[in-house]
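S.K.: The following block contains a protein sequence and its predicted model.
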Amino acid sequence: MLHNGASLLQAFQSDKEQQMIIDWMHFTPWTSLTGGVLLGLASALFILLHGRVLGISGILGGLIKPRPNEAGWRIAFLAGLLVAPTVWSLWAPPVVPRIEAGWSVLVVAGLLVGWGTRYGSGCTSGHGICGLSRLSLRSLAATLAFMAAGFATVYLARHVLA
């Protein structure tokens, strides 16, 4: 039900009247910029040195039936993803994530992401970072679909179903 029986138009109009507030205490443009530059650099180096797209789902999926001499670098890459937060915590306090969902929602969301990754022939990092930088039309379509689905999900969850 929409806002206790209100129409979708009324719900949209009431949302337009609300102001967006930026949480300046948690706004991190330099950290975000640094992370983006590092992702771009890692993606560019990976494709230049290995001729492969740096997509997490492809790297993980390649461990299911690895080709000869490919399991080692895949395991090392995934281990780096797991070890990096520990190394980071040596210099900075660990970031405590705030997850406002139960385990069942997280499991269903993870399964949906996995299904979408296989259905879309890649994950957001593969399409959004690597595919777009290669000017891939398929990656553009996939990234637009990811973004549209994300916008729709947030709108429905926060304004229609809330």
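M.R.: Received, thanks.
S.K.: show me where pLDDT drops low in the protein?
M.R.: Low-confidence segments of the chain, defined by pLDDT under 70: 1-20.
S.K.: and the gap between the residue nearest in space to the middle of it and Ser43?
M.R.: For the chain, Thr124 is the residue whose C-alpha lies nearest the centre (C-alpha atoms, centre = their mean; 5.7 Å). According to C-beta to C-beta, to the nearest Å, Thr124 stands 12 Å off from Ser43. C-betas here are computed from N, CA, C, even on glycine.
S.K.: Which residue comes closest to the residue nearest to the centre of the chain once chain neighbours are left out?
M.R.: Residue nearest to Thr124 in three dimensions, not counting chain neighbours: Phe146, with 5.5 Å by C-beta to C-beta, 6 or more residues apart in numbering.
S.K.: check which helix or strand covers the one you found.
M.R.: Secondary structure assignment for Phe146, by DSSP states H and E: helix 137-155.
S.K.: Show me the helices in the protein, by range?
M.R.: Ranges of helices in the chain, per DSSP state H, are 8-17, 29-50, 56-61, 71-88, 103-119, 124, 132-133, 137-155.
S.K.: of the ones you listed, which approaches Pro97 most closely?
M.R.: For Pro97, the closest of the helices of the chain is helix 71-88, at 10.5 Å, according to C-beta to C-beta.
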